[in-house]
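Engineer: here are the coordinates; sequence isn't available:
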């Protein structure tokens, strides 16, 4: 028996060039959105750390 027979996974058909380009652009969009979220979170954390450092220096 083959793995496909047991698991029931159907093989994917190759995409034509236009579909492949659209798929690639969608993946890029998701990756960039994730990068933006991570960058904003890092900036917020850095800002809070800076505020905390400022508060601890004044006391």
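Structural biologist: Received, thanks. Predicted model, so just to flag it, every value in this text is computed and none were measured.
Engineer: where is the longest helix in this structure?
Structural biologist: Ranked by residue count, the top helix of the chain under DSSP state H comes out as helix 17-58.
Engineer: from the chain's centroid, how far away is that one?
Structural biologist: Taking C-alpha atoms, centre = their mean, to the nearest Å, one finds the center of helix 17-58 at 9 Å from the center of the full chain.
Engineer: and the average pLDDT for it is what?
Structural biologist: For helix 17-58, the mean pLDDT works out to 96.
Engineer: can we start the residue count at 744 from this point?
Structural biologist: Fine by me, first position is 744 from now on; the one you just mentioned is helix 760-801.
Engineer: who does it touch, helix- and strand-wise?
Structural biologist: Helix 760-801 sits against no helix or strand, with contacts defined as 3 or more C-beta pairs under 8 Å, 6 or more residues apart in numbering; DSSP states H and E. Yep, even glycine has a C-beta here, placed from its N, CA and C like the rest.
Engineer: and for residue 762, the neighbour number?
Structural biologist: When neighbours are counted by other C-beta atoms under 10 Å, residue 762 registers 11.
Engineer: cool, and residue 790?
Structural biologist: Neighbours of residue 790 using other C-beta under 10 Å come to 10.
Engineer: check residue 795 too.
Structural biologist: With other C-beta under 10 Å as criterion, residue 795 counts 10.
Engineer: can you check residue 779 too?
Structural biologist: With other C-beta under 10 Å as criterion, residue 779 counts 10.
Engineer: which residues does it contact?
Structural biologist: Contacts for residue 779 were tallied using C-beta atoms under 8 Å, 6 or more residues apart in numbering; there are none.
Engineer: from residue 785, how far out is it?
Structural biologist: Look at residue 779 and residue 785: by C-beta to C-beta, to the nearest Å, they are 11 Å apart.
Engineer: try residue 797
Structural biologist: 19 Å.
Engineer: ok, now residue 775?
Structural biologist: Residue 775 is 15 Å from residue 785, by C-beta to C-beta.
Engineer: good, wrapping up.
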